[in-house]
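Undergrad: What follows is a predicted protein model with its sequence.
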Amino acid sequence: MKRLFFLILITMSCLFTYSAVADAESSTNQYTVSIDDILSISVLGSPDLKTMTTVAEDGTISFPYIGTVYIKDMRLSEIEKEITKRLSEGYITYPIVSVSLIKPKGKKFYVYGEVMRPGGYEFEEGMTVVKALSEAGGITPNGIYGEVKFRRKQKAEPGYKDININIKGTIEGGVTGDVSLQADDIVIVEANRKFYISGDVMRPGEFIFKEGMTVVKALSEAGGITQNGIYGKVKVRRKSEIHSEEEGESGYKDISIDIKGAIEEGVAEDILLQPNDIVIVEANKKFYIYGAVMRTGDYILKKDMTVVKALSEAGGITPNGIYGKVKVRRKEEGDPGYNDVTIDIKGVIEGSMTGDIVLQPDDIVIVEANKKFYVYGEIMRPGEFILEDNMTVIKALSLAGGFTKWGSPNQVKILRQKEDKTGYDVIKANVKAAMEGNATADIVLQPDDTVVVSGGIF
């Protein structure tokens, strides 16, 4: 009984051994040779032809008599047939060739770029891009938003072909989006693409470009616009492959953004960014107010800022400027100096909107002090007075309280400084005629005129 049991064990052991050897031989026979594989080749009856050889970089080996043989991607049985055929062509009659794999270097695929462990990996059937990235330790933070592609050598033509992979869709959507690799494929993970934000934002600098990144999202990542840029222009500077005259030699073009419209009205005014775009938030443009206003200084130039609005922001005109001229001093393009535009501020305030003007960056609103005139002599209240619009001699005498008992309407004259400032012209004022109704006799005063009333007899 024991003897029978041992016979059964021995038989089963032999069967298992044969099966394992058969499987190994089958696996070896299916193996296709790669570069750096080490082979042993022998010819029955010709021990001097026994050769140990390594597959060269060009996929060939060298064998006695027949020279170079290209064997890359051939099975062992196919190599045996090729060497047998070439030996039988005049070297050995009916050669029996045996080829065995001594040390397989194996087929490889490669992972390069922003992965934890770039390098070459042993290729197995069923290897995909996702599996390859997993073997390389996964994508680094610096490549999580970068493009993923694999590079494959072309068979029919020289060179390689790059095939882009939607790795996010592949991972989230399952195997349907994954791609099977072939031996010698190179999986490349590029670094995150960047965009840049410059100017009046809380955190200017470079940022990771993500799909669907818009100007509004970008500004949000930068912490938003500062108070110094809330009314400034927002634009996107983009590199153009085709240069136009307006872009100049730099090859960049600027795209202005209605950021208020983009925020209030949504995507209609927002635009999608591209890699390497520069979002620029300019500082608020300024205008300046000087002269007889409550608060002189610089102010933010908001949209549709007019002279009247500007004066309101400055607290209004002081009593010392209520009759002064209001003008806008503006730098004109191509003009070396400034031009002054006088504003009929009274007319504008009273209802003539056509007299108001929209301000431009760096405009200076100037409110001049009230012009003065002077009354001297036999008058009740001599002194200086504000030169209101259309101030005449009669109005001036009235403001000064009228004549004293010694004052005479026949002795009224106006001292007016000459244009060359070398002295004064004396202008006789016919006050009596003016008082009797002759309007032309009532002289309109000019700034710095002095009305002199002398004593005399009516």
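TA: Sure, I can see it.
Undergrad: Number of residues surrounding residue 34?
TA: By other C-beta atoms under 10 Å, 19 other residues sit near residue 34. Heads up, the C-betas are built off the backbone N, CA and C, glycines and all.
Undergrad: neighbouring contacts of stretch 99-112?
TA: With C-beta atoms under 8 Å, 6 or more residues apart in numbering as the test, stretch 99-112 has contacts from 28, 31-41, 52, 76, 79-80, 83, 117-123, 127, 132-133, 135-136, 181-189.
Undergrad: In ChimeraX, how would I select just the buried ones from these?
TA: To isolate in ChimeraX the members of the contacts of stretch 99-112 that are buried, counting by 16 or more other C-beta atoms under 10 Å, one can use:
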select :31,33,34,35,37,39,41,76,79,80,83,118,121,123,127,132,133,135,136,181,183,184,185,186,187,188,189
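Undergrad: what does stretch 60-77 rub up against?
TA: With contacts defined as C-beta under 8 Å, 6+ apart, stretch 60-77 is touched by 28-35, 39, 41, 48-49, 51, 53-55, 58-59, 78-79, 82-83, 86-87, 91-92, 99-101.
Undergrad: thinking again about what came up before, mark which of the contacts of stretch 99-112 are part of helices, please.
TA: Mapping these onto helices (DSSP state H) picks out 28, 76, 79-80, 83, 132-133, 135.
Undergrad: Where is pLDDT lowest across those?
TA: Checking pLDDT across these, the minimum falls on residue 28 at 51.
Undergrad: what does whichever strand or helix holds residue 366 contact?
TA: Element membership of residue 366, judged by DSSP states H and E, is strand 364-367. Contacting residues not belonging to strand 364-367 are listed as 287-293, 307, 310-311, 314, 317, 321, 324-330, 338, 340, 359 [C-beta under 8 Å, 6+ apart].
Undergrad: Out of the residues you listed, which sit inside helices?
TA: Per DSSP H, those map to helices at 307, 310-311.
Undergrad: hang on, the earlier thing: would you mind checking the contacts of strand 364-367 for buried ones?
TA: 287-289, 291-293, 307, 310-311, 314, 317, 321, 324-330, 359.
Undergrad: Now the two most distant members of the ones in helices among the contacts of stretch 99-112.
TA: The distance between the two most remote of the ones in helices among the contacts of stretch 99-112 (C-beta to C-beta) is 40.6 Å, for 83 and 133.
Undergrad: Can you give me the distance of the residue lying closest to residue 159 once chain neighbours are set aside to residue 391?
TA: Of all residues not flanking residue 159 in the chain, residue 153 sits nearest, at 7.7 Å (C-beta to C-beta, 6 or more residues apart in numbering). From residue 153 across to residue 391, the span is 96 Å (C-beta to C-beta, to the nearest Å).
Undergrad: try residue 115
TA: 87 Å.
Undergrad: Which residue ranges of the protein form helices?
TA: Counting by DSSP H, the helices of the chain are 2-30, 76-87, 129-135, 167-173, 215-221, 259-265, 307-313, 345-349, 393-399, 431-435.
Undergrad: For the fifth one, list every residue counted as buried.
TA: Neighbour-count burial for helix 215-221, with 16+ other C-beta under 10 Å as criterion, is recorded at 215-216, 218-219, 221.
Undergrad: What is the nearest of those residues to residue 400?
TA: Of those, the one sitting nearest to residue 400 (C-beta to C-beta) turns out to be residue 219, at 63.5 Å.
Undergrad: got a list of what residue 289 touches?
TA: Residue 289 touches 295-297, 299, 310-311, 313-314, 364-365, 367, counting by C-beta under 8 Å, 6+ apart.
Undergrad: what's across from it in the sheet?
TA: residue 297, residue 365 (DSSP bridges).
Undergrad: Please apply the same query to the one 4 residues further on.
TA: Beta-bridge pairing for residue 293 (DSSP bridges): residue 317.
Undergrad: shouldn't it be in contact with residue 314?
TA: Yes: between residue 293 and residue 314 there is a contact at 4.2 Å, judged by C-beta atoms under 8 Å.
Undergrad: so what's the residue nearest to the spatial centre of the chain closest to, chain neighbours aside?
TA: Closest residue to the average C-alpha location of the chain: residue 278 at 2.0 Å, with C-alpha atoms, centre = their mean. Leaving aside its chain neighbours, residue 278 sits nearest to residue 237 (4.2 Å; criterion: C-beta to C-beta, 6+ apart).
Undergrad: Check the gap between that neighbour and residue 215 for me.
TA: Residue 237 is 12 Å from residue 215, by C-beta to C-beta.
Undergrad: Check residue 226 too.
TA: From residue 226 to residue 215 the distance is 16 Å (C-beta to C-beta).
Undergrad: swap in residue 368?
TA: Distance from residue 368 to residue 215, by C-beta to C-beta: 44 Å.
Undergrad: for the chain, what helix or strand is lowest in average pLDDT?
TA: helix 2-30 (a mean of 42; mean pLDDT, DSSP states H and E).
Undergrad: Now for the nearest residue to residue 189 once chain neighbours are set aside, how many residues are close by?
TA: Leaving out its chain neighbours, the residue that sits closest to residue 189 by C-beta to C-beta, 6+ apart is residue 113, at 3.9 Å. The burial count assigned to residue 113 is 20, neighbours taken as other C-beta under 10 Å.
Undergrad: Residue 113: what's it in contact with?
TA: So, once contact is read as C-beta under 8 Å, 6+ apart, residue 113 ends up touching 143, 146, 188-191.
Undergrad: Let me have the buried residues of helix 215-221 in CSV, extended by distance to residue 231 and pLDDT.
TA: Formatted as CSV, the buried residues of helix 215-221 follow (distance: C-beta to C-beta, whole Å; pLDDT from 0 to 100):
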residue, distance to residue 231, pLDDT
215, 17, 95
216, 17, 94
218, 19, 96
219, 15, 96
221, 22, 95
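Undergrad: Pop the domain breakdown of the protein in here.
TA: 1-28, 31-103, 108-189, 194-281, 286-367, 372-455 (automatic domain parsing).
Undergrad: Which of those has the lowest mean pLDDT?
TA: Among the domains of the chain, domain 1-28 carries the lowest mean pLDDT (a mean of 40).
Undergrad: Check whether residue 210 really touches residue 145, as I assumed.
TA: Yes: counting by C-beta under 8 Å, residue 210 does reach residue 145; the two are 5.4 Å apart.
Undergrad: more neighbours, these two?
TA: Between residue 210 and residue 145, residue 145 has the larger neighbour count (other C-beta under 10 Å), namely 19 against 15.
Undergrad: list the contacts for the spatially closest residue to the more buried one that is not a sequence neighbour?
TA: Residue nearest to residue 145 in three dimensions, not counting chain neighbours: residue 192, with 4.5 Å by C-beta to C-beta, 6+ apart. With C-beta under 8 Å, 6+ apart as the criterion, the residues that contact residue 192 are 114, 142-146, 208-209.
Undergrad: What does residue 192 show for phi and psi?
TA: Dihedral angles of residue 192 (phi, psi; degrees, to the nearest 10) stand at phi -50, psi 130.
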